[in-house]
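> got a sequence here, can you build the structure:
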Amino acid sequence: MKFSILFGGKSFEHEISIVSAIALKKLLANTDIFIFLDDNHEFYLIKKENMKSVFFSSKSYLKEPKIYPKKNGFFTRTLFGEKQIQIPTIINLIHGGDGEDGAIASLLDFYEIPYIGPRKEACILSYDKELTKMLANHRGVNVLDYQVVFQDSKIEVENFPVIIKPARLGSSLGISIVKNKEELEYSLDKAFEYDKKVIIESFIPNIKEYNLAGFFANKELHFSFVEEPKKDEFLDFNKKYLDFSRTTNTQQADITTEVENMLKDNFSKIYTNLFEGAVIRCDFFIHNNTCYLNEINPIPGSLANYLFADFPTTLNKISTSLPKPNNIKATYKFLNEIKVAKGK
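Presented below is the predicted three-dimensional model:
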């Protein structure tokens with residue numbers, strides 16, 4: 001089955017989205033439709049042979065055809081009006097703002113364009129780490145102790161070490177481990193460069209961390225294998241994106257069946273009745289035989305393809321089980337009743 005890939009976006013993770021799209025191009029041989037959203041919110045149709053990092057960094061994409069969304073698809077202007085571009089199901093591969101905050105999901109839903117990716121409600125609850133923790137608590141999933149702080153507010157931390165994260169950002173950008181009060185101000189300034197809202201969370205050295213991806217199709221949840229990421233104190237940006245061996249030599253974690261089932265149970269609580277239509281990755285901690293949600297990746301890097309033995313089959317399965325939009329038709333029954341009641 002063929003797919004089209006939507007990537008880019010106006011976000012701090014714009015370049016990471018490009019890297020993800022190039023990775024999927026190599027993996028999905030039949031995919032030849034690539035839709036690039038630049039930082040001016042213009043859509044461009046990119047040829048498969050131009051899917052190279054230098055093509056975007058050099059701004060060469062500006063010479064490609066501009067396209068725009070309308071009902072049931074994307075269109076381009078021609079000398080004779082407009083022409084619809086025949087595109088297969090879209091994979092939303094825009095990380096961070098636009099892609100994960102619900103903007104693109106809302107646009108695609110509005111124009112009834114089929115896509116693989118989180119819907120707007122799922123985006124809203126997973127994009128903001130505070131809302132993610134509230135969601136987890138509501139669904140019976142543990143989270144580590146945390147506090148939410150804002151720029152220019154009074155900030156007090158009593159127990160160190162802590163980990164500081166921008167609340168609405170992924171890809172490990174702006175994250176620091178703070179071991180004492182002397183390091184606190186600099187780390188907060190670093191995080192506030194990306195977001196005015198920051199999460200301060202308990203940091204437990206040498207805690208076990210596991211990643212699990214999954215999706216819903218054919219009336220059941222399907223899971224990837226469990227990964228234990230190789231890291232120092234935490235999985236920073238360089239480990240995630242500059243160490244490409246992570247996506248080619250990823251191995252299944254050596255864990256007991258009990259731990260694996262614990263991870264799957266917590267993943268199911270997070271995913272069900274919210275993330276249908278998406279391939280997501282949840283990052284968990286295990287501490288003292290208790291499972292904690294670290295974060296939800298609603299559009300993980302390269303769509304977490306490296307956690308699945310047969311990723312093309314994964315996409316084929318999920319594409320047959322996408323949520324259907326409500327087919328609501330205006331009947332004007334209520335207005336007609338008012339007209340009759342008023343005699344006009």
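> in stretch 99-108, which residues are buried?
Buried residues in stretch 99-108, counted by 16 or more other C-beta atoms under 10 Å: 99-105, 108. Yep, even glycine has a C-beta here, placed from its N, CA and C like the rest.
> closest to residue 4 out of those?
Comparing the buried residues of stretch 99-108 against residue 4 with C-beta to C-beta picks out residue 108 as the nearest, at 11.6 Å.
> mind checking how far residue 88 is from residue 35?
11 Å (C-beta to C-beta, to the nearest Å).
> higher neighbour count, the two?
The residue with the greater number of neighbours, taking residue 88 and residue 35 and applying other C-beta atoms under 10 Å, is residue 35; the counts read 23 against 15.
> tell me the secondary structure at the more buried one.
In the three-state summary, residue 35 is assigned as strand, counting by DSSP: H, G, I helix; E, B strand; the rest coil.
> all strands for the stretch 51-200 of the chain, in order.
For the stretch 51-200 of the chain, strands defined by DSSP state E, counting those that start in this stretch occupy the ranges 66-70, 73-78, 81-85, 90-92, 115-116, 146-150, 162-166, 176-178, 197-202.
> with the stretch 201-344 of the chain instead?
Taking DSSP E, counting those that start in this stretch as the criterion, the stretch 201-344 of the chain contains strands spanning 208-217, 220-223, 280-287, 290-297.
> residue boundaries of the helices in the protein?
Assignment of helices within the chain using DSSP state H yields the ranges 14-27, 53-57, 103-110, 120-127, 129-138, 181-192, 237, 257-271, 311-319, 333-342.
> now residue 269: how far from residue 138?
According to C-beta to C-beta, residue 269 and residue 138 sit 10 Å apart.
> shaky segments in the stretch 151-300 of the chain?
Within the stretch 151-300 of the chain, the set of residues satisfying pLDDT under 70 comprises 171, 231-249.
> 90 - rerun?
Flagging of the stretch 151-300 of the chain using pLDDT under 90 yields the residue ranges 152-154, 158, 169-174, 206, 230-251.
> bridging residues for residue 90?
Partner residues in beta bridges with residue 90, using DSSP bridges, are residue 4, residue 115.
> list the contacts of it.
With contacts defined as C-beta atoms under 8 Å, 6 or more residues apart in numbering, the neighbours of residue 90 are 3-6, 35, 108, 113-117.
> check the gap between the residue nearest the centre of the chain and residue 99 for me.
Centre of the chain computed as the mean C-alpha position; nearest residue by C-alpha atoms, centre = their mean is residue 299, 2.3 Å away. Distance of residue 299 to residue 99, given as C-beta to C-beta: 5 Å.
> who's more crowded, residue 269 and residue 138?
Neighbour tally, residue 269 and residue 138, criterion other C-beta under 10 Å: the higher count belongs to residue 269, 18 against 10.
> apart from its chain neighbours, what residue comes closest to that one?
By the measure of C-beta to C-beta, 6 or more residues apart in numbering, the closest residue to residue 269 outside its immediate chain neighbours is residue 139, 4.6 Å from it.
> do residue 54 as well
Excluding the flanking residues, the one nearest residue 54 by C-beta to C-beta, 6+ apart is residue 60, at 7.9 Å.
> related to what we said a few turns ago, shared neighbours of residue 299 and residue 99, anything?
When contacts are counted by C-beta under 8 Å, 6+ apart, residue 299 and residue 99 are jointly contacted by 92-93, 117.
> and those as TSV, adding pLDDT, neighbour count and distance to residue 54?
Putting the shared contacts of residue 299 and residue 99 into TSV (pLDDT from 0 to 100; neighbours: other C-beta atoms under 10 Å; distance: C-beta to C-beta, whole Å) gives the following:
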residue	pLDDT	neighbour count	distance to residue 54
92	98	26	24
93	98	28	19
117	98	27	27
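> in TSV, list those along with distance to residue 333.
Rendered in TSV, the data for the shared contacts of residue 299 and residue 99 read as follows (distance: C-beta to C-beta, whole Å):
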residue	distance to residue 333
92	37
93	42
117	35
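> would you confirm that the residue nearest to the centre of the chain contacts residue 97?
No. Taking C-beta atoms under 8 Å as the contact criterion, residue 299 and residue 97 are not neighbours in contact, 11.4 Å apart.
> buried set for stretch 125-142?
Taking 16+ other C-beta under 10 Å as the basis for neighbour counts, the residues of stretch 125-142 that come out buried are 125-129, 132-133, 135-136, 139, 141.
> wait, which of those is closest to residue 50?
Ranked by distance to residue 50 (C-beta to C-beta), the buried residues of stretch 125-142 are led by residue 127 at 29.8 Å.
> residue contacts, that closest one?
Residue 127 sits in contact with 100-102, 168, 298, where contact means C-beta under 8 Å, 6+ apart.
> rerun at 7 Å
Taking C-beta atoms under 7 Å, 6 or more residues apart in numbering as the definition of contact, the neighbours of residue 127 are 100-101, 168.
> domain ranges for this structure?
For the chain, whose domains are defined here by automatic domain parsing, the residue ranges read 4-116, 124-133+210-231+252-319, 146-202.
> mind checking those domains for the one nearest to residue 342?
Closest of the domains of the chain to residue 342 is domain 4-116, at 33.9 Å (criterion: C-beta to C-beta).
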